[in-house]
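Asker: got a predicted structure here, sequence first:
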Amino acid sequence: MKKLLKSFKTEIHPTPEQKIRIHKTIGTCRYVYNFYLCHNKALYDKGEKFMTGKSFSIWLNNEYIPDNPDKAWIKEVYSKAVKRSIEDGCIAFTRFFKHQSDFPKFKKKGKSDVKMYFVRNNPKDCVCERHRLKIPALGWVRIKEKGYIPTTKDGYVIKSGTVSIKADRYYVSVLVELPDNKTADHSNEGIGIDLGLKDFATVSNGKTYKNINKSAKLKKLEKQLIREQRSLSRKYENSQKGESTQRANIQKQKLKVQKLHHRIDNIRTDYINKTIAEIVKTKPSYITIEDLNVKGMMKNRHLSKAVASQKFYEFRIKLQAKCNENGIELRVADRWYPSSKTCHYCKNIRKDLKLSDRIFKCACGYIEDRDLNAALNLRDAMTYEVA
Ligand SMILES: [Zn+2]
């Protein structure tokens, strides 16, 4: 059975030395790519036979560089990357010969997208940990988004990758082989998840996850927190008025407030983790969520506290990580996709749907819970980005 390969791209934070090396390698790759094009153009003009990438590589290393010592710097960078740029040139020529594209263009500095290719040659190459990735010829490079690329420890193998630069930022893109056990069951259909304030999550398979902030336990803790915070500020005020509240007392109260904060936060995080684990366990072939405009929602005075306490952003990041780990495609529907306002049955859009309408009723006779209707539309969304 052919193993499933998936690609992951993320920003990296190379050291100054690594940056120099990346620039030098990419510069050399561009030079050699252009040289290969130029060389073949000259052969073509003379009516001679086209030189394949493979023969050019051999000629370059065994004849040209030894004959031209001033070009020895070509060999100072990672040779696999240079070889790859010649192969890219060869592919461009092949397309041209097959009339699939124009004559290959020269790569211009700063304008063309030249990347530093790398490949795993032995088990020590391309090892990936949560926060760093070992790239041949560069060594350990820090990853910005920790845990985004599946780790070697979990059985994933990075076959190859590229390093690229865009607007002074550095990115790595890797091709990862998924272990067999993570790709075995893909027969299940996809699901859509509607996130909200009434219920935390409504899944297209009918399951809903309540808004935990509405539970008696959290309500009680929130009330307790407000009480303790008031007591703390009272103690502050009193001490400023010169009353005999002792510093130790204030410190103690402060700690009490912090502990409560932590406890509430932990409950919310646990709930997110539990929800994600349960959803992923159903092994859907894909999951579609909305591109929640959390920032926009936070600007709304009436919603901001409720939105913050739901931790949607944390949910999204963790869901993405779990999906990556399990080979589930995470789809993010366009922000403007009217998942709530579209009738799942006849696709008619109800522009007048209010936030208070909890039941979706369509002129076609379709009646459904508002959030479930949205989740079903998300599941069937045709325009989305794969996260
Ligand atoms: Zn309808």
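Answerer: Thanks, I have the structure now.
Asker: confidence score at the residue of the stretch 101-250 of the chain found nearest the ion?
Answerer: Nearest residue of the stretch 101-250 of the chain to the ion: Ser204, at 17.1 Å (C-beta to the ion). Every residue, glycine included, has its C-beta placed from N, CA and C. Per-residue confidence (pLDDT) for Ser204: 94.
Asker: what's the neighbour count on it?
Answerer: 24 (other C-beta atoms under 10 Å).
Asker: so it is in contact with Thr282, correct?
Answerer: No. Look at Ser204 against Thr282 with C-beta atoms under 8 Å: they stay out of range, at 10.9 Å.
Asker: who touches both of these two?
Answerer: Common neighbours of Ser204 and Thr282 are listed as Ile191 (criterion: C-beta atoms under 8 Å, 6 or more residues apart in numbering).
Asker: which regions of the stretch 51-200 of the chain sit below the pLDDT cut-off?
Answerer: Low-confidence segments of the stretch 51-200 of the chain (pLDDT under 70): 180-188.
Asker: just the pLDDT at Ala216, thanks.
Answerer: Listed pLDDT for Ala216 reads 95.
Asker: could you do the one 5 residues further on as well?
Answerer: Each residue has a pLDDT score; the one for Leu221 is 96.
Asker: related to what we said a few turns ago, could you pull up phi and psi at the residue of the stretch 101-250 of the chain closest to the ion?
Answerer: When read as degrees, to the nearest 10, the backbone of Ser204 gives phi -60, psi -20.
Asker: repeat that for Thr208.
Answerer: Phi and psi for Thr208, reported as degrees, to the nearest 10, are phi -120, psi 150.
Asker: touching, it and Gly196? I think so.
Answerer: No. Assessed by C-beta under 8 Å, Thr208 is found out of contact with Gly196, at 9.6 Å.
Asker: which neighbouring elements make contact with the longest helix along the chain?
Answerer: Counting residues, the longest helix in the chain under DSSP state H turns out to be helix 247-281. The contact analysis (3 or more C-beta pairs under 8 Å, 6 or more residues apart in numbering; DSSP states H and E) places helix 247-281 against strand 199-203, helix 216-240, helix 312-326.
Asker: hmm, 6 Å instead?
Answerer: helix 216-240, helix 312-326 (3 or more C-beta pairs under 6 Å, 6 or more residues apart in numbering; DSSP states H and E).
Asker: any buried residues in stretch 70-80, and which?
Answerer: Residues of stretch 70-80 classed as buried by neighbour count (16 or more other C-beta atoms under 10 Å): 74, 77-78.
Asker: ok, stretch 365-380 next?
Answerer: Neighbour-count burial for stretch 365-380, counted by 16+ other C-beta under 10 Å, picks out 368-379.
Asker: so for that stretch, what's the average pLDDT?
Answerer: Stretch 365-380 comes out at a mean pLDDT of 92.
Asker: what's in contact with that stretch?
Answerer: Residues outside stretch 365-380 that contact it (C-beta atoms under 6 Å, 6 or more residues apart in numbering) are 190-192, 194, 196, 202-204, 288, 333, 339-340, 342-345, 358, 360-361.
Asker: over to stretch 339-348?
Answerer: For stretch 339-348, using C-beta under 6 Å, 6+ apart, the contacting residues are 349-350, 353, 362, 364, 366, 373-374, 376-378.
Asker: then stretch 255-263?
Answerer: For stretch 255-263, the external contacting residues (C-beta under 6 Å, 6+ apart) are 225, 228-229, 232.
Asker: from the chain's centroid, how far away is it?
Answerer: On the basis of C-alpha atoms, centre = their mean, to the nearest Å, stretch 255-263 sits 33 Å off its chain's mean C-alpha point.
Asker: that one: which residues count as buried?
Answerer: By 16+ other C-beta under 10 Å, the buried positions in stretch 255-263 come out as 256-257, 260.
Asker: stretch 90-105 too?
Answerer: 90, 92-93, 104.
Asker: which one of those residues is nearest Val157?
Answerer: Using C-beta to C-beta, Cys90 comes nearest to Val157 of the buried residues of stretch 90-105, at 26.8 Å.
Asker: that's a strand at that closest one, yeah?
Answerer: No. Counting by DSSP: H, G, I helix; E, B strand; the rest coil, Cys90 is located in no strand; its state is helix.
Asker: could you pull up the residues touching the residue nearest to it when sequence neighbours are not counted?
Answerer: Using C-beta to C-beta, 6 or more residues apart in numbering and skipping the chain neighbours, the partner closest in space to Cys90 is Gly53 (3.2 Å). Counting by C-beta under 6 Å, 6+ apart, Gly53 touches 86-87, 90.
Asker: tell me the residues of the stretch 251-387 of the chain that contact the ion?
Answerer: Within the stretch 251-387 of the chain, the positions near the ion by C-beta under 5 Å from the ion are 343, 345-346, 348, 362, 364, 366.
Asker: if any of these are buried, put those into a ChimeraX selection.
Answerer: Buried members of these, defined by 16+ other C-beta under 10 Å, are picked up in ChimeraX with:
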select :343,362
